[in-house]
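# predicted coordinates and the sequence they were generated for:
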Amino acid sequence: MPGSWKRITETDGENPRYDARTEERDHAGPLAGPAGAPRSSDGGQETGNGDTAPQFIPEQPRRSLDEVILPDTVRQRVELALDLVAHHTLLYDTWNLRSIDPYRRGTALNLYGPSGTGKSLCAEALAHRLGRSVINVDYAQIESKYVGDTPKNIVRCFEEAHEHGAVLVFDEADSILGSRLSRVSQSADHAVNVSRAVMLRQLDRFDGLVVFTTNFPRNYDAAFVRRILTHVKFELPDPETLHRLWERLLPEALPIEPGFDRGALAQESAGLAGGDLVNVITGAAAAAARRGGESGVVTAGDLMLEIKSAHRARAEVGRAPEPDGPAEYTVRRLSREEVLGSNVAPDAVKAEDAQSPDSAPSPVAAPETQA
Ligand SMILES: Nc1ncnc2c1ncn2[C@@H]1O[C@H](COP(=O)(O)OP(=O)(O)O)[C@@H](O)[C@H]1O
Ligand SMILES: [Mg+2]
């Protein structure tokens, strides 16, 4: 990692003098007026609220890349991202990639794909591999109802990351990197555009590693897509990866019925992500704990029941993948036997049968991995 990032208050021929207040001033015009700006209870306009300013505290990553189970293709992309960081000086200075990409100082990565596939875990593990602390930022933390505070918060998290040499992770980054609004009619919309402009500028100046994660990559503004050097697509685990995930995720201390078929588990959980498996294992463990005594061991039945429930949740709960975005999974019908053996209402089968084959996934449709 190059040590070329200048304190933002320094004057630098390449980088114009810059500080958070300049950033605010640059964009103050339309925001400063009364329209659309939240007011405090006494009627005065709030431009700062130091008491509630979010803290961006660097933490030591606890999980390593060895814990991240990925198909080879994805792992190679992750390794490539690490190479970009590790060899930055060689690439940009010695081999003079700077001549074709003069403004790139740091490295920005985007990990995108279905939820629960290990993107946040991987971001933490990248920091672990680089021996750096990590600052996790979520949008709710930086978005402020007070005009001008959101850009200030964005600047602050970059400052903190620089100060501590931390990897900066923006989880669910689509909210902050979303498309800028092209017809700005209200000052609230203008504020969104200002925040994104500030984010772009910070990205250009930061020389560390920034990792974005998202389940909705289509929402990114094109300007960010270009700024981000490497995009890594996370997919739902293929059968082999599922196998490895089951091996990895079942804790050794968990009492499990001897001799049950892990292959069958992997097969039944096709279409689920690692995060779903964590929920499955936790649910099955709770069932075993409730029984207690001699029968207080996790059985294949406990796990299968939770797997069905996880399939159902994937199909029914949450926002559907976008039609032109990367497909999360295709669906298959559950057989009547499967439905009867699960906690899915049997009459839902009829509802599904009535649908045409190319209609939207039914409530009882269970996910299957992509071909
Ligand atoms: N590829 C994976 N390898 C190992 N564990 C995983 C993987 N994917 C998910 N998990 C487990 O599921 C949890 C949730 O995953 P997370 O990283 O939050 O997913 P995402 O950020 O993609 O939604 C992780 O903390 C981990 O325990
Ligand atoms: Mg995540």
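Looks like it came in fine. Ligands and ions are numbered 1, 2, ... in the order given.
# any weak-confidence spans in the stretch 51-200 of the chain?
Low-confidence regions of the stretch 51-200 of the chain, defined by pLDDT under 70, span residues 51-52, 145, 147, 179-189.
# which residue would be the closest one in it to ligand 1?
For the stretch 51-200 of the chain and ligand 1, the shortest gap (Cβ to the nearest ligand atom) falls at residue 118, measuring 2.8 Å. All C-beta spots, glycine's among them, are computed from the backbone N, C-alpha and C.
# return the residues of the stretch 251-371 of the chain in contact with ligand 1.
Taking Cβ under 6 Å from any ligand atom as the contact definition, the stretch 251-371 of the chain meets ligand 1 at 273-275, 278.
# out of those residues, name the ones that lie in helices.
The helices in this structure, assigned by DSSP state H, contain 274-275, 278 from those.
# can I get the buried part of those as one ChimeraX selection?
What follows is the ChimeraX syntax selecting those of those that are buried according to 16 or more other Cβ atoms under 10 Å:
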select :274,275
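# and of the ones in helices among the residues of the stretch 251-371 of the chain next to ligand 1, the nearest to residue 141?
Distance from residue 141 was checked for each of these by Cβ to Cβ. The minimum falls on residue 275, at 21.4 Å.
# isn't residue 113 right next to residue 237, touching?
No. Between residue 113 and residue 237 there is no contact, the gap being 10.9 Å when judged by Cβ atoms under 8 Å.
# higher neighbour count, the two?
Taking other Cβ atoms under 10 Å, residue 113 and residue 237 do not tie; residue 237 has more neighbours (29 against 21).
# could you check which residue of the stretch 251-371 of the chain lies nearest ligand 1?
Closest approach between the stretch 251-371 of the chain and ligand 1, counting by Cβ to the nearest ligand atom: residue 274, at 2.5 Å.
# re earlier: residues in contact with the residue of the stretch 51-200 of the chain closest to ligand 1?
With contact set as Cβ atoms under 8 Å, 6 or more residues apart in numbering, residue 118 has these partners: 68-70, 234, 273-275.
# which strand or helix spans residue 210?
In this structure, residue 210 sits in strand 209-214 according to DSSP states H and E.
# is that strand in proximity to ligand 1?
Yes. Judged by Cβ under 6 Å from any ligand atom, strand 209-214 and ligand 1 are in contact via residue 213.
# next, the buried residues of stretch 247-262.
Of the residues in stretch 247-262, those with enough neighbours to count as buried (16+ other Cβ under 10 Å) are 249-250, 256.
# among those, which ones are in helices?
Using DSSP H, the buried residues of stretch 247-262 in helices are residue 249.
# residue 190: how many residues sit nearby?
Other residues near residue 190 number 18, with proximity taken as other Cβ under 10 Å.
# same question for the one 10 residues further on.
As a burial measure, the neighbour count of residue 200 was computed by other Cβ under 10 Å and equals 16.
# so which residues of the stretch 51-200 of the chain form helices?
Taking DSSP state H, counting those that start in this stretch, the helices of the stretch 51-200 of the chain run over residues 72-86, 88-89, 119-130, 139-142, 149-164, 174-177, 187-205.
# what is the second one packed up against?
So the one you mean is helix 88-89. Helix 88-89 sits against no helix or strand, with contacts defined as 3 or more Cβ pairs under 8 Å, 6 or more residues apart in numbering; DSSP states H and E.
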